[in-house]
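In: the following block contains a protein sequence and its predicted model.
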Amino acid sequence: MVTPKRSVVLWGLPLFVLILLSACAAPVTSSPTPAIAPEEAFFKPSSNCAACHQGLKDSTGADVSIIPEWQTSVMGNAALDPYFRASVQMELLNAPQYADAIQSKCATCHTPMARVTQKAQGQETALYGEQGVLAVGHPLGKLALDGVSCTVCHQIPQPAADLRHSGDLAIDTATPMGERPLYGALPITEQNRQTMQAASGFVATQSEHVRQSQLCATCHELYLNYITADGTLSSGDALFYEQTPYSEWLASQYAGQASCQDCHMPQAQGAAPISSITPQNTYQPFFRHTFTGGNVFLLTLLRDGSVEGVRNPGGTGLDAHIARTSEFLQTRTAVLSITPPRQEGETLAFDVRIDLLTGHKFPTSFPSRRAWLHVTVKDASGKVVFESGGYDREGKISGNDNDDPKAYEPHYTRITAPDEVQIYEPVMQTVSGEVTTYQMLAASYIKDNRLLPRGFDKTQAPKVSEVIGDALNDADFLGGGDTVQYRIPLGSARAPFTVEAQLLYQSVSYRWAKNVLDSQSEPAKDFGAMLAKVGNVPVVVASASAQSR
């Protein structure tokens, strides 16, 4: 949700902080190899990295410590996300015969260290129950709760010519700890390599691929099998393209100009060290491990909605991350403008224009997300004489056809009534064409009118990222934005009129939240308790106003 800019990314640097100790360390001497616990045969939790990756200051004195910023990110909370937990349980209740497929796929990118370890050790994948990795006291629980952690991303190898997607981490599980490669971008001397190996158990290995978007596509390009009409799982090329931000970026003007890391890892001010042990060694640019996105909702749930059994992961650090995420959404996502309102007889006419700044579709990734236009018209007395896109604390949009779970709001080129709302969203459907929020039942999209990045040609888009529905025939719905006409009956209202427009964003739409809550599982009850405390009001992404003469 940001205009990508060309820059040099040092994402691979932080995990290599210990190799810098070689400048002042004594020569490495051999020592007996300690026994490796089975649960740490392939990974180490972030706590092992924390000692050297905290207490970091940039040139202005601002704290840019790597582990604390990652810990309060959505990546760091991938396993703690209460909506994720409740959604998986809903899927399991709906399709228990596919419990292994559901948990295997979801665990791969939400509890990847536990999942890879289970698979390598011949264990069944389980998130819930006495044998589930999310259960208190499970041997893999620490790794599971660490989410998308340091030694996950930095062990993903260089992808082959074809794109690796859908959780194909391809992490080596044959090489023993002590010899396992950990990839990064820094040049590595033999002494550096020995120091890193002795300190962490991993072998520092230089590779430019950690700077590339293909690394992120491993999880953020997700294709799923679905339940077919006869109850079996689809196979072969029969896949549901659940989220495709990498393909969307690839079809935009930003491909080749900037990577995912460029946009979602903000730069520190000036130079900064990557180790508290060697603060004299500073780097510029220094890219912070905030992984800033748009999920204010999750971060707020974790901060304000904590309930028994669902821990708050970041304390006061969540305040900073929420503020950072809000600023990211509100300044780096879109610009809104309104043409001068004019009276045409008894109708007020104006257009609302959205110019998108992101390098992929917006909303992005998981299909529970939506954005919409909230437009009001006030008369000379300040009375609201028209409103489209109003909402309540639960996140329900007034006039949205999706209040009926079997329907959805169409895409509009012109709006003339309060119950017409321009909602930018993906809407899933089953093989029989029924609207659904169940991932296992989703065979395709019946609507996808999410805003397109600049350079995206909807007429040439590949199937994985195509525009679906009425937006395909909307002449001004193009790469870079959309224009919506408003023609509002005035009745007896008197000029001058004030038009106000907002682009609103919601990470979990009302219908998605409602369906999860209705499942009545224990995780759903936890999610519901947190939601009751926090609410589900949208974030204002952009706004504009105009007045008629």
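Out: Arrived safely, thanks for sending. Numbering: from 1, shown residues only.
In: just the terminal-to-terminal distance for stretch 209-218.
Out: In stretch 209-218, first residue to last residue: 12 Å (C-alpha to C-alpha, to the nearest Å).
In: buried residues in it, which are they?
Out: 210, 211, 212, 213, 214, 215, 216, 217, 218 (16 or more other C-beta atoms under 10 Å). C-betas here are computed from N, CA, C, even on glycine.
In: buried residues in the longest helix belonging to the chain?
Out: Taking DSSP state H as the criterion, the chain has its longest helix at helix 317-332. For helix 317-332, the neighbour count (16+ other C-beta under 10 Å) marks 317, 318, 321, 322, 324, 325, 326, 328, 329, 330, 332 as buried.
In: quick check: closest non-adjacent residue to the fifth one.
Out: Translated: residue 324. Spatially, and ignoring its direct neighbours in sequence, residue 324 is nearest to residue 292 (5.7 Å; C-beta to C-beta, 6 or more residues apart in numbering).
In: for that neighbour, give its distance to residue 388.
Out: Using C-beta to C-beta, to the nearest Å, residue 292 is found at 31 Å from residue 388.
In: likewise for residue 360?
Out: Per C-beta to C-beta, residue 360 is found 27 Å from residue 388.
In: any idea what residue 429 is bridged to?
Out: Beta-bridge pairing of residue 429, defined through DSSP bridges, involves residue 435, residue 444.
In: that one touches residue 442, doesn't it?
Out: Yes - using C-beta atoms under 8 Å, residue 429 makes contact with residue 442 at a distance of 7.0 Å.
In: helix or strand right after the longest helix of the chain?
Out: Heading C-terminal from helix 317-332, the first helix or strand you meet, by DSSP states H and E, is strand 334-338.
In: average pLDDT across that following strand?
Out: In this model, strand 334-338 has a mean pLDDT of 99.
In: list the buried residues in it.
Out: Going by neighbour count (16+ other C-beta under 10 Å), the buried part of strand 334-338 is 334, 336, 338.
In: and if you look at stretch 389-403?
Out: Going through stretch 389-403 with 16+ other C-beta under 10 Å, the ones that come out buried are 389, 391, 395, 396, 397, 399, 400, 401, 402.
In: do the same with stretch 495-502
Out: By neighbour count on 16+ other C-beta under 10 Å, the buried set for stretch 495-502 is 497, 498, 499, 500, 501, 502.
In: okay, those residues in a markdown table with pLDDT, secondary structure and distance to residue 170 next?
Out: Formatted as a markdown table, the buried residues of stretch 495-502 follow (pLDDT from 0 to 100; DSSP: H, G, I helix; E, B strand; the rest coil; distance: C-beta to C-beta, whole Å):
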| residue | pLDDT | secondary structure | distance to residue 170 |
| --- | --- | --- | --- |
| 497 | 98 | coil | 59 |
| 498 | 99 | strand | 56 |
| 499 | 99 | strand | 52 |
| 500 | 99 | strand | 50 |
| 501 | 99 | strand | 46 |
| 502 | 99 | strand | 43 |
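In: state the mean pLDDT of the host helix or strand of residue 353.
Out: Assigned by DSSP H and E, residue 353 belongs to strand 347-356. Average pLDDT, strand 347-356: 99.
In: buried set for stretch 233-244?
Out: Buried, per 16+ other C-beta under 10 Å, within stretch 233-244: 239, 240, 241, 242, 243, 244.
In: closest one of those to residue 521?
Out: Using C-beta to C-beta, residue 242 comes nearest to residue 521 of the buried residues of stretch 233-244, at 21.5 Å.
In: please tell me how far the residue nearest to that closest one when sequence neighbours are not counted sits from residue 429.
Out: Setting aside the residues directly before and after it, residue 242 is nearest to residue 222 in space (C-beta to C-beta, 6+ apart), at 4.6 Å. Remark: distance between residue 222 and residue 429 (C-beta to C-beta) = 17 Å.
In: surely residue 348 is in contact with residue 490?
Out: Yes - using C-beta under 8 Å, residue 348 makes contact with residue 490 at a distance of 5.6 Å.
In: hey, what's in contact with both of those two?
Out: Common contacts of residue 348 and residue 490, defined by C-beta atoms under 8 Å, 6 or more residues apart in numbering, comprise residue 497.
In: compare neighbour counts for those two and give me the winner.
Out: Comparing residue 348 with residue 490 by other C-beta atoms under 10 Å, the one with more neighbours is residue 348, at 23 against 18.
In: which of the helices or strands spans the closest residue in space to the more buried one that isn't next to it in sequence?
Out: Counting by C-beta to C-beta, 6+ apart, residue 348 lies nearest to residue 488, which is 4.5 Å off, once chain neighbours are set aside. Here residue 488, judged by DSSP H and E, is contained in strand 481-489.
In: cool, and residue 48?
Out: Assessed by DSSP H and E, residue 48 sits inside helix 47-50.
In: that helix packs against which elements?
Out: Counting contacts by 3 or more C-beta pairs under 8 Å, 6 or more residues apart in numbering; DSSP states H and E, helix 47-50 packs against helix 66-71.
In: try 7 Å this time
Out: Judged by 3 or more C-beta pairs under 7 Å, 6 or more residues apart in numbering; DSSP states H and E, helix 47-50 is in contact with no other helix or strand.
In: got the buried residues for that helix?
Out: By neighbour count on 16+ other C-beta under 10 Å, the buried set for helix 47-50 is 48, 49, 50.
In: got it, and stretch 347-359?
Out: Going by neighbour count (16+ other C-beta under 10 Å), the buried part of stretch 347-359 is 348, 349, 350, 351, 352, 353, 354, 356, 357, 358, 359.
In: I figured the second one was touching residue 342, is that so?
Out: Yes - proximity of residue 349 to residue 342 meets the contact threshold set by C-beta atoms under 7 Å, at 5.4 Å.
In: what about residue 116, which helix or strand?
Out: helix 112-120.
In: repeat for residue 377
Out: Per DSSP H and E: strand 370-378 holds residue 377.
In: how much space between residue 81 and residue 218?
Out: Going from residue 81 to residue 218 by C-beta to C-beta gives 19 Å.
In: perfect, I'm done here.
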